[in-house]
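J.: Quick one, fold the following:
(2 chains)
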There are 2 protein chains.
Amino acid sequence: MKVDGAPTRSIWVEADGETVTTIDQTLLPHCFAKITLASVADATRAIASMQVRGAPLIGATAAYGICLAVRADPSDAALDRAAAMLLASRPTAINLKWSIDRMTAALRPLPIAERLCAAYDGAARICAQDIATNQAIGRHGLDLIARAARARPGAPVNVLTHCNAGWLATVDWGTATAPIYMAHEKGIPIHVWVDETRPRNQGAALTAWELAQHGVSHTVIADNTGGHLMQHGMVDLVIVGCDRVSARGDVANKIGTYLKALAARDNDIGFYVALPSPTIDFAISDGIAQIPIEQRDGREQATMTGRTADGRIETVRVVPEGSAVANYAFDVTPARLVTALITERGVIAATRAALAAAFPERAGSP
Amino acid sequence: MKVDGAPTRSIWVEADGETVTTIDQTLLPHCFAKITLASVADATRAIASMQVRGAPLIGATAAYGICLAVRADPSDAALDRAAAMLLASRPTAINLKWSIDRMTAALRPLPIAERLCAAYDGAARICAQDIATNQAIGRHGLDLIARAARARPGAPVNVLTHCNAGWLATVDWGTATAPIYMAHEKGIPIHVWVDETRPRNQGAALTAWELAQHGVSHTVIADNTGGHLMQHGMVDLVIVGCDRVSARGDVANKIGTYLKALAARDNDIGFYVALPSPTIDFAISDGIAQIPIEQRDGREQATMTGRTADGRIETVRVVPEGSAVANYAFDVTPARLVTALITERGVIAATRAALAAAFPERAGSP
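T.: Numbers count the residues shown, from 1 in each chain, chains lettered A, B, ... in the order given. The predicted model follows:
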């Protein structure tokens, strides 16, 4: 999507055909800084330091990390070293392993001389596939927004979102944001309520920045606010992303998502979850009992990092030194609260039957 | 309650019998600084700058403001000037007007020579009445905690609270915290989940500080977290304070309270609201439609103020400069989600009939 008026992806190959550039997301929204990835070590560092984050973007960065490794040394031994290094950068990221496995499986059978070209082709295909998936999610979600717009002609459609399931987390378009960007492109008046998303503030820092750069009307709110807005008719639909969906439709997403789903249900507002289908884990049924919830460093909750009035980046602590802090990163919204899932194959009910019918080739596997 | 091991109130008269001391709450939790109030102007400034906050404490501070005015000049004209100055310090605070009216009505009929002594007596009575009310709330709420403790012998009772309805907001004990402090005094094992309470962080800054100073086990969490904890059996009951209760039991309290009430209901957890009965507004029935919700300066939401690692107090901004920000200060929890109200007259249902039966002398008035 657009940054400073220019169409921009979250990762791209420079004119030399080999150097890779991405965005240092740890500096957003205060500074739009590009990072040059010239080696697999650079790619690994960008993932490990969370300069790049979001499952699809991590996968794309790892794919280009393999390219950069092959550029330096196309041997099997170098490929193995690169794969191991990248895999260790964020141990729990599913897309990371998927992307590395796909790249190495494609390259290993090839003669050394053909590997470099094939690697960049493979990474480009991974990126193109992500964009196509998000565009499909966008088209299906657009129907929901267009329907809300028809219900109240002339009034902007108010969408509430949580965390960042935006283009910064993918290669382009994002998942939860794809329908929003498509509605904006179509000229449908739209306004987005952006949850701050404590403790890491991905809503205030990333989603708000994305929407501001692309020119989409939005307002940042405390995570506490969505219920009040819904009670007063100020939200037409909720669209969030997700980290994992169980076979029966339970949704693991950023902590606080469950509270918004409860408020949406209490006020008869549609609660939609946008996702690429690999996010569905058909091996798990009861999301609340079976999806482990990561606990992160309490310092994320005890502090906030931002810019002072005179432009310095500082981290400040509010919690007293003597107080314990807990930092649960995700929660699980039970399927009964999910109006529907927006996937690349359409808008489908959050039920075991609907998921199995939409993805028969995966539902049968353990 | 205790600060640095010593019993402390939020406002008190020094040994000279006239000088008033309070706590600069804007510096908490980083610095426990006392403020000397030597004049009605000092008291007015402390209220206006929110160095003192919380309806009961504002009322007590205004009462002592009248005392300090009388000390300087006991004339009717001076009394009128003091009342007007104090009343303008926080225009929407109900307790402020109530306290000033009660003080001036008691003093005006008296001879000039008797006014100083009567003023300090009157302010002390306002403080004593607040403490007695909170202790009664504490005793009634203690029964609920004791019942939870009996249900799971040996395990700590986990209470979730939102914002600061603690002793800092009153003269002592607090409202939502009174049952917690009483359980702690009785040796009932108790642990408090403290919502950070964005945007002003009263939970992380004030409630956590109070509990830490008094030695009550607690953990600060993001406002997003309560639903996850409730899903996993980690909350036994919720106790919050409130700003206004309608005649049918709808509860206006700090923004985000409604979301916790929804989560409590979804997980069959008791949701209790502690309040002194003057908080009940029998003139209002439908809290959602009739209670106006204050919108505050968006800068509170766009920023956070805290202490850097090297001890400086800084304010940092996370939201991009180009993004709009909204800051709704309160929301309304419908009575149907409130398990019961904890008042100085007992634990009563959040219904019109129960409220009228408990407070017959007020329910009949318009």
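J.: Provide the secondary structure category for the residue lying closest to residue A:234 once chain neighbours are set aside.
T.: Spatially, and ignoring its direct neighbours in sequence, residue A:234 is nearest to residue A:158 (5.9 Å; CB to CB, 6 or more residues apart in numbering or on different chains). Quick note: C-beta positions are derived from backbone N, CA and C, even for glycine. Secondary structure assignment for residue A:158 (DSSP: H, G, I helix; E, B strand; the rest coil): strand.
J.: count of neighbours near residue A:158?
T.: Residue A:158 has 23 neighbours, counted by other CB atoms under 10 Å in any protein chain shown.
J.: ok, now the one 10 residues further on?
T.: Residues contacting residue A:168 under the criterion other CB under 10 Å number 27.
J.: residues in contact with stretch A:221-229?
T.: A:158, A:160, A:162, A:193-198, A:235, A:238, A:256, A:259-260, A:263, A:266, B:197-199, B:222-224, B:254-256, B:258-259, B:262, B:293, B:301, B:325-328, B:330-332 (CB atoms under 8 Å, 6 or more residues apart in numbering or on different chains).
J.: List the buried residues in that stretch.
T.: Under the neighbour-count criterion of 16 or more other CB atoms under 10 Å in any protein chain shown, stretch A:221-229 has A:221-229 buried.
J.: Next: stretch A:83-91.
T.: Within stretch A:83-91, the residues scored as buried using 16+ other CB under 10 Å are A:83, A:85-87, A:89-90.
J.: Turn the residues you listed into a markdown table, columns for secondary structure, pLDDT and distance to chain B.
T.: Formatted as a markdown table, the buried residues of stretch A:83-91 follow (DSSP: H, G, I helix; E, B strand; the rest coil; pLDDT from 0 to 100; distance: CB to the nearest CB, whole Å):
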| residue | secondary structure | pLDDT | distance to chain B |
| --- | --- | --- | --- |
| A:83 | helix | 97 | 35 |
| A:85 | helix | 97 | 32 |
| A:86 | helix | 97 | 30 |
| A:87 | helix | 95 | 29 |
| A:89 | coil | 92 | 26 |
| A:90 | coil | 87 | 22 |
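J.: Max pairwise distance over the residues you listed: which two?
T.: The largest separation in these, counting by CB to CB, is between A:83 and A:90 at 13.9 Å.
J.: Now do the contacts for the residue nearest to residue A:234.
T.: Residue A:158 neighbours (CB under 8 Å, 6+ apart): A:190-193, A:229, A:234-236.
J.: Quick check on the contacts of stretch A:221-229: which are buried?
T.: A:158, A:160, A:162, A:193-198, A:235, A:238, A:256, A:259-260, A:263, A:266, B:197-199, B:222-224, B:254-256, B:258-259, B:262, B:301, B:325-328, B:330-332.
J.: still on that earlier bit, would you list the buried residues of stretch A:221-229 in JSON lines and tack on secondary structure and pLDDT?
T.: Listed next are the buried residues of stretch A:221-229 as JSON lines, based on DSSP: H, G, I helix; E, B strand; the rest coil; pLDDT from 0 to 100:
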{"residue": "A:221", "secondary structure": "strand", "pLDDT": "98"}
{"residue": "A:222", "secondary structure": "coil", "pLDDT": "98"}
{"residue": "A:223", "secondary structure": "coil", "pLDDT": "98"}
{"residue": "A:224", "secondary structure": "coil", "pLDDT": "98"}
{"residue": "A:225", "secondary structure": "coil", "pLDDT": "98"}
{"residue": "A:226", "secondary structure": "helix", "pLDDT": "98"}
{"residue": "A:227", "secondary structure": "helix", "pLDDT": "98"}
{"residue": "A:228", "secondary structure": "helix", "pLDDT": "98"}
{"residue": "A:229", "secondary structure": "helix", "pLDDT": "98"}
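J.: what's the closest of the residues you listed to residue A:71?
T.: Comparing the buried residues of stretch A:221-229 against residue A:71 with CB to CB picks out residue A:223 as the nearest, at 43.7 Å.
J.: ranges for the strands of the stretch 201-350 of chain A?
T.: Along the stretch 201-350 of chain A, the stretches classed as strands by DSSP state E, counting those that start in this stretch are A:217-221, A:237-240, A:244-246, A:251-254, A:270-274, A:280-281, A:303-307, A:313-317, A:324-325, A:330-333, A:340-343, A:346-348.
J.: Mind listing what's buried along the first one?
T.: Spelled out, it's strand A:217-221. Of the residues in strand A:217-221, A:218-221 count as buried by neighbour count, 16+ other CB under 10 Å.
J.: what pairs with that strand, and is each one parallel or antiparallel?
T.: Note on strand A:217-221: by DSSP bridges, its sheet partners are strand A:190-195 (parallel), strand B:324-325 (parallel).
J.: From the contact counts, what lies against whatever helix or strand residue A:97 lives in?
T.: Per DSSP states H and E: residue A:97 is located in helix A:94-107. The contact analysis (3 or more CB pairs under 8 Å, 6 or more residues apart in numbering or on different chains; DSSP states H and E) places helix A:94-107 against helix A:55-72, helix A:76-87, helix A:112-151.
J.: With respect to burial, which of those helices scores highest?
T.: Across the helices and strands packed on helix A:94-107, the average number of neighbours (mean count of other CB atoms under 10 Å in any protein chain shown) peaks for helix A:55-72, which reaches a mean of 26.
J.: got the angle for that one vs helix A:94-107?
T.: For helix A:55-72 against helix A:94-107, the angle by axes from the mean of the first three to the mean of the last three CA atoms, to 10 degrees is 30 degrees.
J.: Now do residue A:68 against residue A:36, distance only.
T.: Going from residue A:68 to residue A:36 by CB to CB, to the nearest Å gives 11 Å.
J.: so what sits against both of those two?
T.: Taking CB under 8 Å, 6+ apart as the criterion, residue A:68 and residue A:36 both touch A:20, A:42.
J.: picking that back up, which of the contacts of residue A:158 sit farthest apart?
T.: Using CB to CB, the two most remote members of the contacts of residue A:158 are A:190 and A:229, lying 15.3 Å apart.
J.: tell me the domain ranges of chain A?
T.: Chain A breaks down into these domains under automatic domain parsing: A:2-128, A:137-363.
J.: quick one: contacts for the residue nearest to residue A:3 when sequence neighbours are not counted?
T.: Excluding its sequence neighbours, the residue lying closest to residue A:3 (CB to CB, 6+ apart) is residue A:213, at 4.9 Å. Neighbouring residues of residue A:213 by CB under 8 Å, 6+ apart: A:1-4.
J.: most surrounded residue in these?
T.: When neighbours are counted by other CB under 10 Å, residue A:1 leads those with 23 neighbours.
J.: where does chain A dip in pLDDT?
T.: Scanning chain A for pLDDT under 70 picks out the ranges A:365-366.
J.: Residue A:330 and residue A:288, how far apart?
T.: 11 Å.
J.: interface residues of the stretch 251-366 of chain A facing chain B?
T.: Within reach of chain B by CB under 8 Å from any CB of the partner chain, the stretch 251-366 of chain A has these residues: A:254-256, A:258-260, A:262-263, A:266, A:288, A:293, A:301-309, A:313-320, A:322-328, A:330-332.
J.: List the residues that contact the residue in the stretch 251-366 of chain A that chain B sits nearest to.
T.: Proximity of the stretch 251-366 of chain A to chain B (CB to the nearest CB) peaks at residue A:256, 2.7 Å away. By CB under 8 Å, 6+ apart, the contact list for residue A:256 reads A:162, A:195, A:197-198, A:223, A:331, B:222-225, B:227.
J.: Excluding residues flanking it in the chain, which one is nearest residue A:265?
T.: Counting by CB to CB, 6+ apart, residue A:265 lies nearest to residue A:337, which is 5.3 Å off, once chain neighbours are set aside.
J.: Just give the number of residues close to that neighbour.
T.: Neighbour number of residue A:337 under other CB under 10 Å is 21.
J.: That one touches residue A:271, doesn't it?
T.: Yes - using CB atoms under 8 Å, residue A:337 is in contact with residue A:271, at 6.2 Å.
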